[in-house]
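# Have a look; sequence and predicted model below, questions after that.
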Amino acid sequence: TQLLEQSPQFLSIQEGENLTVYCNSSSVFSSLQWYRQEPGEGPVLLVTVVTGGEVKKLKRLTFQFGDARKDSSLHITAAQPGDTGLYLCAGAPNFGNEKLTFGTGTRLTIIP
Amino acid sequence: DTAVSQTPKYLVTQMGNDKSIKCEQNLGHDTMYWYKQDSKKFLKIMFSYNNKELIINETVPNRFSPKSPDKAHLNLHINSLELGDSAVYFCASSPTGLSGANVLTFGAGSRLTVL
C-alpha cells in the first residue's frame, strides 16, 4: 500500500506570512497532484507535477516534485485568508492509472 | 451547470436501512469514482468505473454496490447501514487517456450520518 504523509497536519498562521506544506512517501509516483478542499465542497485540483525536480508556480503558490518522485512540497508566499482550506496531495503510481492515493491532508488556517 | 453533481447532499438514517446516493457528470469523462472521506478527512477510493465497467474495487464490504447505467452516471447503493458507514462520500470523474495523470473533478459530497 502506498502511503502519503503530509506535514504539518494543522497549520494556523497570520496573514502575510509564508508557509510550506510537505508530502512524503517511500514509494515512487509517476505524477503528483495537489488539491484544495473547502468546507462543504469537494477537492479542487491546483496543480499536477510529473517530472522529478519539477517546479510549478501558481501565483503565490509554488509546487515542487522531489528529484526521486517520492515527495513534494507546496510553498505559499504572503498567505491570505482565501488560502484557508484543506490541502491534499495525491500520487499516481503509473501514468493513466486511475488509482490515486491521497495524502493525510494539511488543514491550513490563515488569520486576518 | 454543475460538472459533477451528487444527491442527496445530506442523508441521515437509522442503522440497518438501505440508502442510495446518485452521481451524474456532464463533462464527457469516461471514468467515474466513489471516494469515502472519514472524520479525519482521509480520502480513500472505493470504486472506479470506466465506460460502465468496474475497474477498481477496493476492499469495500459487499453491502456497498455501485451501479453505472451509462458512463455519465455512477450510483452507490448501501445495504444494511452500519454506524461506521457515517462519512462524506464523494463522486468524481476523470478523462481517460495516455497523456498523463488522471485529473479528478469532484462533486460536492454527500454526508451520510447513520444513527
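Received the coordinates, thanks. Numbers count the residues shown, from 1 in each chain, chains lettered A, B, ... in the order given.

# Do I have it right that A:Val49 meets A:Leu32?
Yes: using CB atoms under 8 Å, A:Val49 is in contact with A:Leu32, at 5.3 Å. The C-beta positions use only the backbone N, C-alpha and C, and glycine is treated the same way.

# secondary structure element for the residue lying closest to B:Glu53 once chain neighbours are set aside?
Nearest non-adjacent residue to B:Glu53, counting by CB to CB, 6 or more residues apart in numbering or on different chains: B:Ser68, 7.9 Å away. Here B:Ser68 sits within strand B:64-70, counting by DSSP states H and E.

# May I have that strand as CSV, with CA atoms only?
Only the C-alpha atoms of strand B:64-70 are listed here, as CSV (Å, rounded to 0.1, in the frame of the first residue of the first chain):
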residue,chain,number,x,y,z
PHE,B,64,-21.8,-1.3,-1.0
SER,B,65,-22.9,-1.9,-4.6
PRO,B,66,-22.1,0.7,-7.3
LYS,B,67,-24.1,0.8,-10.5
SER,B,68,-23.3,2.6,-13.7
PRO,B,69,-26.2,2.7,-16.1
ASP,B,70,-24.2,4.8,-18.5
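
# Which neighbouring elements make contact with that strand?
Applying 3 or more CB pairs under 8 Å, 6 or more residues apart in numbering or on different chains; DSSP states H and E, we find strand B:64-70 packed against strand B:43-50, strand B:53-57, strand B:73-78.

# For chain B, what lies in contact range of chain A?
Applying CB under 8 Å from any CB of the partner chain, we find that chain B lies next to chain A at B:4, B:31, B:33, B:35, B:40-45, B:48, B:50, B:55-56, B:90, B:92, B:94, B:96-98, B:100-109.
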